[in-house]
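Q: kindly return the folded structure for what I paste below:
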Amino acid sequence: MDIEFHYYITYLIAARAGFTPEDAKTLAHSCQYTDENNILFSIDKGEPTEYFNYISQTMNITRPRKELLRIYPLFHFIPGDPVAATARRKDGRLHRLNTTPDSENAKAVIDSALNSRNIYRIGIACHAYADTFAHQNFVGYFDPFNSMKILLDSKLAEVGHAEAEHKPDWPGLIWEDDRLHSSISLVSNRSRFKDAAAKLYGKLNNYLKPEIEPAEIIKESKELLDDIDNAIGPEDEFNNLSDDRIKKYIELTGLSQYGGQKLEIFNEEQWLTEAFADSVFGFRLKVAQHIGDYIPLFHDFTWKDKEYYKRTHWYQFQEAVKEQQNCTWDILNKSVFSGLELDKL
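A: Numbers count the residues shown, from 1 in each chain. Model (predicted):
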């Protein structure tokens, strides 16, 4: 999934479930920022306020395997049920790390975050949980199981859905996954995204209102899904209508049932600029994003407020990433990783 679901639709889901506009925005920003958090920063190096973050995304598939294992299966491709009906392939292959929607592992991961009552962790877990619907039938590790063609020597084909490009992530796309059994090979992203929204809405609703009747959740969920469906609009093969859809999502946020406060356009630098003091931040961030790997000239920063930096959204998000990584690893190590011979953290 891309920013349309992880930020805008997630906000709609959270606000409709009963989160305040402020909390819904923090949750949605955390959900989307999980994809943006791909730079290793060093803050106040050598000082008492020194801090290093973890990344929750990387586009650099040349990283060591254990680093990819720490990122992809934990934050974007939660291993699910290899024999799920949605995972039937023409070649009959199974994979223990295969991502399947709403799996027991995925539910355990989001339930752990909800139990923490940490809004940043909840947002991060919402990202991983929703991705089990969009990223189903791919594994977050090096494996030709991911290949859309017979390109077994292609590194792109071996990690996640790289060879499928953006097909799993665009809301208005209908596409063919030729690896799957012919009865399920035609994929409607609209359908998958609406399934993800319904399940996520149920999770957040039960978190805020554990006493709510299932019938009420179903009723409200139907209204939510109708609004999302209308906002997605017509089939969009090349994602040309993304800006129009985003405008529709934002219009919905102004309605009372979605908090009544219009959501701002996502700004990936907002939390960073609130936390860091550097005046040339924007330029250095862009350079760092292109460089990718750690180079001190472009990755060393200072806190804007050395006394209160722990109150910033960016710091709290980074701490949540570390906690979520550890908790998710523990969950998956018991159910999946312990039975495999993979690089450990």
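Q: my guess is Tyr51 meets Ala275, correct?
A: No. Taking contacts as C-beta atoms under 8 Å, Tyr51 lies outside contact range of Ala275: 9.8 Å. Quick note: C-beta positions are derived from backbone N, CA and C, even for glycine.
Q: report the set of residues contacting both of these two.
A: 303, 309, 315 (C-beta atoms under 8 Å, 6 or more residues apart in numbering).
Q: let me know the helix or strand that Ala128 is in.
A: With elements taken from DSSP states H and E, the one containing Ala128 is helix 119-134.
Q: got the contact list for the spatially most central residue of the chain?
A: Closest residue to the average C-alpha location of the chain: His127 at 2.8 Å, with C-alpha atoms, centre = their mean. Residues near His127 by C-beta under 8 Å, 6+ apart: 6, 30-32, 34-35, 75-76.
Q: hmm, back to that, among Tyr51 and Ala275, which residue is more densely surrounded?
A: Summary of the neighbour comparison: Tyr51 and Ala275, criterion other C-beta atoms under 10 Å, with Ala275 having more neighbours (26 against 18).
Q: was I right about that one contacting Tyr315?
A: Yes. Ala275 sits in contact with Tyr315 when judged by C-beta under 8 Å, with a separation of 6.2 Å.
Q: need the overlap of contacts for those two.
A: Listed contacts common to Ala275 and Tyr315 are Tyr309; contacts here mean C-beta under 8 Å, 6+ apart.
Q: next one, pLDDT for the residue nearest to the centre of the chain please.
A: We have a pLDDT of 98 for His127.
Q: likewise for Ala277?
A: Among the per-residue scores, Ala277 holds a pLDDT of 87.
Q: returning to what we had before: which members of the contacts of His127 define the maximum pairwise distance?
A: Pairwise distances across the contacts of His127 (C-beta to C-beta) peak at 14.5 Å, for the pair Ser30 and His76.
Q: all helices of the stretch 201-345 of the chain, in order?
A: Shown for the stretch 201-345 of the chain, the helices assigned by DSSP state H, counting those that start in this stretch span residues 214-232, 242-253, 270-275, 281-291, 296-299, 313-335.
Q: let me have the ones you listed in JSON lines, adding distance to Gly92 as columns.
A: Below are the helices of the stretch 201-345 of the chain laid out as JSON lines (distance: least, C-beta to C-beta, whole Å):
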{"stretch": "helix 214-232", "distance to Gly92": "34"}
{"stretch": "helix 242-253", "distance to Gly92": "37"}
{"stretch": "helix 270-275", "distance to Gly92": "46"}
{"stretch": "helix 281-291", "distance to Gly92": "41"}
{"stretch": "helix 296-299", "distance to Gly92": "46"}
{"stretch": "helix 313-335", "distance to Gly92": "23"}
